[in-house]
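Visitor: Whatever this is, show me its structure:
(one chain, ligands or ions: 2)
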Amino acid sequence: MKTQVGIVGAGPSGLLLARMLQLRGIESIIIEGRSRAYIEARIRAGVMEHWVAALIDEVGLGERMRREGLVHDGLEISFAGQRRRIDLKGLTGKSIMVYGQQEFVKDFVAARLDDGLPIHFEAGDVSIHDVDGDSPKIRFTDKDGAPQRIECDFIGGCDGFHGICRPSIPAAKLTTFEKVYPFAWLGILAEAAPSSDELIYSNHDNGFALHSMRSPELTRLYLQVSPDEDINDWPDDRIWQELQTRLTQDGGWRLNEGPVQQKSITPMRSFVCETMRHGCLFLAGDSAHIVPPTGAKGMNLAAADVRVLAGALTDFYKSDSAAGLDHYADKCLGRIWKAERFSWWMTQMLHLSPEADGFDRRIQLAELDYITSSEAGAKSLAENYVGLPFD
Ligand code: APR
Ligand code: PHB
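Guide: Ligands and ions are numbered 1, 2, ... in the order given. Next up, the predicted model:
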């Protein structure tokens with residue numbers, strides 16, 4: 001097989017990259033390790049910055065998102081027995097779109113297959129070769145076990161944090177930074193109507209909790225737990241009891257409860273690989289960086305990388321200019337580090353650290369009070385949450 005851009009991974013990064021290239025007349029082939037059913041069912045985050053929703057419209061795939069997605073003009077922060085609203089729209093003029101990442105994945109996969117364009121699902125033993133030269137290759141075994149090879153000009157390393165692209169770069173050439181947090185999120189998807197119109201981020205003496213949603217019938221909820229927590233120690237009753245305690249601390253109301261469709265525990269880390277390019281290989285999305293989910297930045301940062309990469313590849317093919325490719329990492333890293341800062345800041349402001357003492361706890365409560373009562377404080381949170389402007 002031969003193509004212009006070989007893309008490893010059919011997550012939001014790989015699918016968006018392929019779609020943007022397609023619309024600019026650039027060919028690609030996507031290789032995905034999992035099955036279509038698996039990636040379409042995988043539950044991930046669900047908050048899109050205003051410009052990501054606009055980009056999805058721009059690439060022609062916004063129809064279902066506009067119909068089923070939920071536009072939110074604000075969010076709520078609960079702490080010290082009260083709940084306060086951050087008026088995102090009033091402070092920034094922008095809203096966010098709540099639309100599950102797997103719905104995005106479904107829309108993009110369907111459009112690509114409808115257009116007769118290739119995604120090789122259930123690819124095994126994926127490896128990349130000759131990225132130092134100008135004709136890199138991707139090798140894999142297809143779902144029938146037959147060996148395959150793709151020759152291309154460039155490789156999009158869109159295979160997430162645990163993929164093979166980043167580890168294919170020689171360790172001596174990698175510059176990485178990491179912070180692992182002493183807590184994790186236990187997330188559930190419940191068949192229950194959301195209990196509030198907006199997201200509620202709650203800081204409670206028992207730990208952090210978040211109320212989010214996927215539709216008028218489905219609630220997404222999270223609890224801070226310890227990273228070595230065993231999910232089997234969290235029967236549904238215990239989860240609901242803890243969610244009720246942490247999320248309704250402002251009193252006088254109860255969360256709607258319902259059957260739990262899915263539950264899982266996710267560790268939290270911040271990670272940046274500043275080496276986003278190695279020869280013909282370009283890393284985008286989670287393969288290059290991870291944020292703790294508190295700021296809802298994961299999918300948005302992935303889209304921001306892809307926006308730059310698609311532009312640079314277009315300049316290369318259509319204007320014979322490699323300048324965009326040469327500056328890919330520099331162009332992405334400013335936004336990446338600002339999102340890393342914001343996600344780290346939201347995380348430390350809202351979670352209870354096992355290392356925190358009484359002084360730290362009072363500083364945290366003072367910061368929550370400040371951020372929710374000062375217009376300057378609230379505006380700083382809001383402008384980061386809805387997405388900082390591009391340069
Ligand atoms: N070969 C082929 N595909 C692979 C391989 C491999 N060796 N390793 C991983 N993949 C696939 C995964 O199965 C997944 O579908 O690459 C895809 C990577 O997708 P994501 O992990 O979703 O990463 P990305 O597309 O960068 O999207 C970032 O996803 O994890 C969330 O919160 C994160 O919202 C952020 C977004
Ligand atoms: C989600 O709906 O899954 C979600 C929302 C906000 C976050 C993280 C996750 O900060």
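Visitor: A53: which element?
Guide: Secondary structure from DSSP states H and E places A53 in helix 50-58.
Visitor: ok, residues contacting that helix?
Guide: Contacts to helix 50-58, defined as CB atoms under 8 Å, 6 or more residues apart in numbering, come from residues 16, 48, 62, 65-66, 69, 94-97, 99, 104, 107, 299-300, 303, 307, 386-387, 390. Quick note: C-beta positions are derived from backbone N, CA and C, even for glycine.
Visitor: Just the buried subset of those, please.
Guide: Among the contacts of helix 50-58, the ones that count as buried by 16 or more other CB atoms under 10 Å are 16, 48, 62, 65, 69, 94-97, 99, 104, 107, 299-300, 303, 307, 386-387.
Visitor: so of those, which ones are in strands?
Guide: The strands in this structure, assigned by DSSP state E, contain 48, 96-97 from the buried ones among the contacts of helix 50-58.
Visitor: which among these gets closest to ligand 2?
Guide: Ligand 2 has its nearest neighbour among these in I96, at 9.1 Å by CB to the nearest ligand atom.
Visitor: Just list whatever residues bridge to that closest one.
Guide: H72 (DSSP bridges).
Visitor: Intersect the contacts of helix 50-58 with the contacts of ligand 1.
Guide: Counting by CB under 6 Å from any ligand atom, M299 from these sit close to ligand 1.
Visitor: host element of A382?
Guide: Per DSSP H and E: A382 is located in helix 375-386.
Visitor: That helix and ligand 2, any residue contact?
Guide: No - Helix 375-386 lies apart from ligand 2 when judged by CB under 6 Å from any ligand atom; the minimum separation is 8.8 Å.
Visitor: CA atoms only: put that helix into PDB for me.
Guide: What follows is helix 375-386, C-alpha atoms only, in PDB (Å, rounded to 0.1, in the frame of the first residue of the first chain):
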ATOM      1  CA  GLU A 375     -14.500  38.700  38.400                       C
ATOM      2  CA  ALA A 376     -10.700  38.700  37.600                       C
ATOM      3  CA  GLY A 377     -10.300  35.300  39.200                       C
ATOM      4  CA  ALA A 378     -13.400  33.800  37.500                       C
ATOM      5  CA  LYS A 379     -12.400  35.300  34.200                       C
ATOM      6  CA  SER A 380      -9.000  33.600  34.300                       C
ATOM      7  CA  LEU A 381     -10.700  30.200  34.900                       C
ATOM      8  CA  ALA A 382     -13.300  30.900  32.300                       C
ATOM      9  CA  GLU A 383     -11.000  31.900  29.400                       C
ATOM     10  CA  ASN A 384      -8.900  28.800  29.900                       C
ATOM     11  CA  TYR A 385     -11.900  26.600  30.200                       C
ATOM     12  CA  VAL A 386     -13.600  27.700  27.000                       C
END
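Visitor: mind listing what's buried in it?
Guide: Going by neighbour count (16+ other CB under 10 Å), the buried part of helix 375-386 is 377-379, 381-386.
Visitor: helices or strands up against that helix?
Guide: Judged by 3 or more CB pairs under 8 Å, 6 or more residues apart in numbering; DSSP states H and E, helix 375-386 is in contact with strand 82-86, helix 88-92, helix 328-350, helix 358-373.
Visitor: and with 10 Å instead?
Guide: strand 47-48, strand 75-79, strand 82-86, helix 88-92, helix 328-350, helix 358-373 (3 or more CB pairs under 10 Å, 6 or more residues apart in numbering; DSSP states H and E).
Visitor: Would you pull up how far the third one lies from the middle of the chain?
Guide: Same thing as strand 82-86. Centre-to-centre, strand 82-86 and its host chain are 25 Å apart (CA atoms, centre = their mean, to the nearest Å).
Visitor: outside of it, which residues touch it?
Guide: Contact partners of strand 82-86, identified using CB atoms under 10 Å, 6 or more residues apart in numbering, comprise 73-78, 92, 196, 198-202, 247-251, 253, 368-369, 371-373, 377-379, 381-382, 385.
Visitor: Just the buried subset of those residues, please.
Guide: 73-78, 92, 196, 198-202, 247-250, 368, 371-372, 377-379, 381-382, 385.
Visitor: correct me, but K137 touches P147?
Guide: No - in this structure, K137 is not within contact of P147 by CB atoms under 10 Å, at 12.0 Å.
Visitor: neighbour count winner among these two?
Guide: Between K137 and P147, counted using other CB atoms under 10 Å, K137 has the larger neighbour count: 17 against 10.
Visitor: Need the per-residue pLDDT for that one.
Guide: K137 is assigned a pLDDT of 98 by the prediction.
Visitor: ok, is stretch 178-191 in contact with ligand 1 or not?
Guide: No - judged by CB under 6 Å from any ligand atom, stretch 178-191 and ligand 1 are separated, with a smallest distance of 11.6 Å.
Visitor: who's the residue in the stretch 101-250 of the chain that ligand 2 sits nearest to bridged to?
Guide: Taking CB to the nearest ligand atom, ligand 2 has its nearest neighbour within the stretch 101-250 of the chain at S212, 3.2 Å off. Assessed by DSSP bridges, S212 has beta-bridge partners R220.
Visitor: Grab the nearest non-local neighbour of S264.
Guide: Using CB to CB, 6 or more residues apart in numbering and skipping the chain neighbours, the partner closest in space to S264 is G187 (5.8 Å).
Visitor: whoops, I mixed them up, D125
Guide: Excluding its sequence neighbours, the residue lying closest to D125 (CB to CB, 6+ apart) is T141, at 5.2 Å.
Visitor: State the number of residues packed around the one you found.
Guide: Neighbours of T141 (other CB under 10 Å): 15.
Visitor: List the contacts of it.
Guide: So T141 contacts 120, 122-126, 147-148 (CB under 10 Å, 6+ apart).
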